[in-house]
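A.B. asks: got a predicted model here, sequence first, then my questions.
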Amino acid sequence: MKRFLPSFVLLGCLWIGVSAQASLFDDDEARRAILDLRQKIELQKNALESAKVEIKALGQENAQLRTSILDLQSLIEKLQQETASLRGDKEVIARELSQTQMRIKDQAQAIENRLSKFEPQKVSLDGVDFTADSAEMREYDNALAVFKKADYPGAVLAFTDFSRHYPSSGFSALALYWLGTAQYASRDFKGAIQTFKALSMSSPNHPKVADAELLSASCQVELKDNKGARKTLEELVKNFPQSEAAQAARERLTKMK
């Protein structure tokens with residue numbers, strides 16, 4: 001038993017030393033684990049702080065974006081209002097422009113109508129074309145209206161005045177014809193003959209000259225100047241053979257024979 005005692009003591013010491021060494025190894029690993037854990041926590045803390053910073057930045061950017069969107073919406077609404085206003089103004093301007101154009105057109109037409117009363121106008125009567133001003137046309141028409149009412153004395157005065165007022169008028173030949181006809185209807189045969197002669201001398205080629213000569217022959221018959229009437233009718237047939245007055249003259253000449 002005594003022989004084995006040192007051995008037990010030696011084994012005990014060895015076991016204690018190994019245990020102490022094992023314990024020493026466990027403390028180092030624990031410290032390293034703690035250090036690793038602290039590093040990981042620190043890294044996570046830093047990552048968390050970075051995330052907080054990024055989140056804060058994103059929040060600011062989001063706020064700015066919202067502000068920008070609100071500003072953009074406000075601008076769009078303002079532009080829409082301005083567009084609507086401009087559209088309304090455009091419609092108002094277009095309507096006023098149209099009304100102004102109509103007024104200008106009406107005024108121009110009124111001015112043209114007033115000026116036309118003073119400007120010579122083209123006239124075509126019995127195949128004769130000429131120009132006459134409004135006052136001239138109005139006086140001629142008034143005189144003819146008196147004749148058509150069978151107021152022959154009044155027509156004589158009206159056409160006499162017209163010939164005096166407008167001696168070079170394009171209506172002159174017609175005025176002389178109607179004057180002579182009114183004189184014939186008023187039984188002023190001599191006056192009618194003189195008027196018809198004036199017509200033949202001033203406008204020998206006028207279409208009414210043939211009718212005027214036929215009436216002159218009638219005046220001569222009324223004055224018992226059958227010889228003169230025959231001569232007038234013969235000249236009528238000679239000078240205007242294709243006229244209706246010439247046909248009537250031939251018939252009268254036949255009866256006079």
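C.D. replies: Noted; the coordinates are in hand. Numbers count the residues shown, from 1 in each chain.
A.B. asks: got the contact list for D129?
C.D. replies: Residues in contact with D129 (CB atoms under 8 Å, 6 or more residues apart in numbering) are 122-123. (Glycine included, C-beta is placed from N, CA and C.)
A.B. asks: what about it, is that helix, strand or coil?
C.D. replies: When classified by DSSP: H, G, I helix; E, B strand; the rest coil, D129 comes out as strand.
A.B. asks: so L65 sits in a strand?
C.D. replies: No. Counting by three-state DSSP, L65 is not found in a strand; it is helix.
A.B. asks: just give the number of residues close to it.
C.D. replies: 11 (other CB atoms under 10 Å).
A.B. asks: part of a helix, is K190?
C.D. replies: Yes. Read with three-state DSSP, K190 is one of the residues of a helix.
A.B. asks: flag every buried residue along the helix or strand in which A210 is found.
C.D. replies: Per DSSP states H and E: A210 is located in helix 208-222. Residues of helix 208-222 classed as buried: 208-221 (neighbour count, 16 or more other CB atoms under 10 Å).
A.B. asks: against which helices or strands is it packed?
C.D. replies: Counting by 3 or more CB pairs under 8 Å, 6 or more residues apart in numbering; DSSP states H and E, the packing neighbours recorded for helix 208-222 are helix 172-185, helix 189-202, helix 226-239, helix 244-256.
A.B. asks: next, the angle helix 172-185 makes with that helix.
C.D. replies: Inter-element angle recorded for helix 208-222 and helix 172-185: 20 degrees (by axes from the mean of the first three to the mean of the last three CA atoms, to 10 degrees).
A.B. asks: assign R187 to helix, strand or coil.
C.D. replies: Three-state assignment for R187 (three-state DSSP): coil.
A.B. asks: so V123 sits against D133, correct?
C.D. replies: No. V123 is beyond contact range of D133, at 10.3 Å (criterion: CB atoms under 8 Å).
A.B. asks: related to what we said a few turns ago, just name the most buried of the helices and strands packed on helix 208-222.
C.D. replies: Ranked by mean neighbour count under mean count of other CB atoms under 10 Å, those are led by helix 172-185, which reaches a mean of 24.
A.B. asks: closest one to M137 among the helices and strands packed on helix 208-222?
C.D. replies: M137 sits nearest to helix 172-185 of all these, at 11.8 Å, using CB to CB.
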